[in-house]
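In: here is my input; please provide its structure:
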Amino acid sequence: MLRIALKQWSLLIYGARAAIQNAEDKDDRLSRRVTRLVARRYPNVAAAALSNKTTLMAWLLLRNGTDYQPDRVAS
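Out: Numbers count the residues shown, from 1 in each chain. Here you go, the predicted structure:
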C-alpha cells in the first residue's frame, strides 16, 4: 500500500514540475499563481505546493461530486 502511495505522490510531483515548465507561456489564474510561486521559492518547493493544491482540488471535486470550474480556483 505504501509503495502505491509513493508512486502516486511522485507522479503528482512530476506533473507539477511539467506544469511549472509550461506555466510561463500561459495567462490563466493558476499559471500566474505558479509563476509567482516559482519566483519566490525553490522549484522543488513550488512543485510540492502545486501538487498539494492539485490533490486538494481533486479531493474536493470527488467529495462534492462537482465538475471542475477553472473560474472558481482560488489564486
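In: switch to C-alpha atoms for all contacts and neighbour counts from now on
Out: OK.
In: identify the residues contacting Ala16.
Out: Counting by CA atoms under 8 Å, 6 or more residues apart in numbering, Ala16 touches Ala47, Ala48, Leu50, Ser51.
In: 6 Å - rerun?
Out: Neighbouring residues of Ala16 by CA atoms under 6 Å, 6 or more residues apart in numbering: Ala47, Leu50, Ser51.
In: the residue most central in space within the chain in helix, strand or coil?
Out: Central residue of the chain (CA atoms, centre = their mean): Leu50, 3.2 Å from the mean position. Three-state assignment for Leu50 (DSSP: H, G, I helix; E, B strand; the rest coil): helix.
In: now it: closest residue in space that isn't a chain neighbour?
Out: Closest residue to Leu50 apart from its sequence neighbours, by CA to CA, 6 or more residues apart in numbering: Ala16 at 5.8 Å.
In: so where do the helices sit in the protein?
Out: Assigned by DSSP state H, the chain shows helices spanning 2-23, 29-40, 43-64.
In: just put these in CSV and tack on mean pLDDT and distance to Pro70.
Out: Listed next are the helices of the chain as CSV, based on pLDDT from 0 to 100; distance: least, CA to CA, whole Å:
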stretch, mean pLDDT, distance to Pro70
helix 2-23, 86, 15
helix 29-40, 89, 8
helix 43-64, 90, 11
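In: export those helices to a markdown table and append columns for distance to Asp71.
Out: Below are the helices of the chain laid out as a markdown table (distance: least, CA to CA, whole Å):
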| stretch | distance to Asp71 |
| --- | --- |
| helix 2-23 | 17 |
| helix 29-40 | 8 |
| helix 43-64 | 13 |
